[in-house]
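Engineer: Dropping a prediction and its sequence here:
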Amino acid sequence: MVELGDVQRLLDLAGVAVFAASGALKAAEKKMDVFGFVILGCVTGIGGGTLRDLLLGIRPVFWITQVEYPLLCAGVAALVFVAGTGLPAGLPARHRWLEWADAVGLATFCVLGTDIALRAGAPAFSALLMGVVTAAFGGLLRDLLAGEVPLILRREIYATAAAAGALTYIAVDALSDRAALALVLGFAVALAVRGAALVYGLSLPSYRPRV
């Protein structure tokens with residue numbers, strides 16, 4: 001019988017791989033060399049989890065002892081580099097893949113980050129913040145290194161989607177005490193909110209000073 005911990009582990013690795021791919025796709029947009037692909041892949045894949053562990057006081061951070069995480073990031077980034085060689089840098093489909101890869105990673109890590117924070121003894125509100133940090137910080141680093149304004153600072157429904165997923169996880173886990181159901185529903189809510197924003201162009205209102 002498959003244990004919940006095994007499922008979470010597989011989800012974690014899958015989320016890291018997807019986020020690493022989004023970092024590599026961003027490197028492709030910027031026409032970086034293979035080293036740039038690996039750097040953006042790694043910071044996107046494990047950046048959020050690194051900050052989460054530091055804030056929760058978890059020592060050492062997860063990828064120091066679990067080297068499969070940075071190796072997975074580097075491998076995925078190198079694979080994207082090889083697979084994408086020769087394709088036009090401005091290919092519209094590449095940008096869409098980046099957006100959806102990022103959305104899947106966001107949905108995965110907002111629930112896993114929340115789960116880790118709760119198991120570490122953090123109160124619900126702090127766990128929600130850790131879910132958002134885990135989901136959004138890697139993408140923030142990716143965009144900064146690529147010389148762009150991070151998604152989280154634009155008129156995008158981004159951190160809001162992560163917060164919705166994290167809040168769903170906390171509520172379902174508290175009401176039903178079923179972590180597996182909380183993971184599934186939290187992931188679904190976060191992906192639905194972010195996906196709706198991508199499909200329908202939804203965004204939060206921006207500041208407009210009075211004239």
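Structural biologist: Sure, I can see it.

Engineer: Report pLDDT for residue 131.
Structural biologist: pLDDT for residue 131: 97.

Engineer: for it, what are its contacts?
Structural biologist: Counting by C-beta atoms under 8 Å, 6 or more residues apart in numbering, residue 131 makes contact with 109, 110, 111, 112, 113, 114, 117, 162, 163, 165, 166, 169. Any C-beta I mention is one placed from the backbone N, CA and C, and that applies to glycine too.

Engineer: my read: residue 183 touches residue 114, true?
Structural biologist: No: counting by C-beta atoms under 8 Å, residue 183 does not reach residue 114; the two are 9.4 Å apart.

Engineer: what touches both of those two?
Structural biologist: Common neighbours of residue 183 and residue 114 (C-beta under 8 Å, 6+ apart) are residue 169.

Engineer: if you count what's nearby, which of those two comes out ahead?
Structural biologist: More crowded of residue 183 and residue 114, by other C-beta atoms under 10 Å: residue 114, with 34 against 24.

Engineer: Quick check: that one vs residue 166, distance?
Structural biologist: 4 Å (C-beta to C-beta, to the nearest Å).

Engineer: Show me whatever sits in contact with both of those two.
Structural biologist: Contacts common to residue 114 and residue 166, judged by C-beta under 8 Å, 6+ apart, are 127, 128, 131, 186.

Engineer: ok, which pair from the residues you listed is furthest apart?
Structural biologist: The distance between the two most remote of those (C-beta to C-beta) is 11.5 Å, for 127 and 186.

Engineer: Settle it for me: which of those two has more neighbours?
Structural biologist: residue 186 (29 against 24).

Engineer: what's the nearest residue to that one if we skip its chain neighbours?
Structural biologist: In space, residue 186 comes closest to residue 169 once its chain neighbours are excluded; the distance is 3.4 Å by C-beta to C-beta, 6 or more residues apart in numbering.

Engineer: pretty sure the one you found contacts residue 109?
Structural biologist: No: judged on C-beta under 8 Å, residue 169 makes no contact with residue 109 at a distance of 11.4 Å.

Engineer: Which of those two has more residues huddled nearby?
Structural biologist: Using other C-beta under 10 Å, the more surrounded residue of residue 169 and residue 109 is residue 109, with 35 against 30.

Engineer: Quick check: the gap between that one and residue 44.
Structural biologist: Residue 109 is 11 Å from residue 44, by C-beta to C-beta.

Engineer: Now do the shared contacts for these two.
Structural biologist: Contacts common to residue 109 and residue 44, judged by C-beta under 8 Å, 6+ apart, are 19, 138.

Engineer: got any ranges where the chain has weak pLDDT?
Structural biologist: 1-4, 85-95, 211 (pLDDT under 70).

Engineer: Before I go, just wanted to say thanks for your time.
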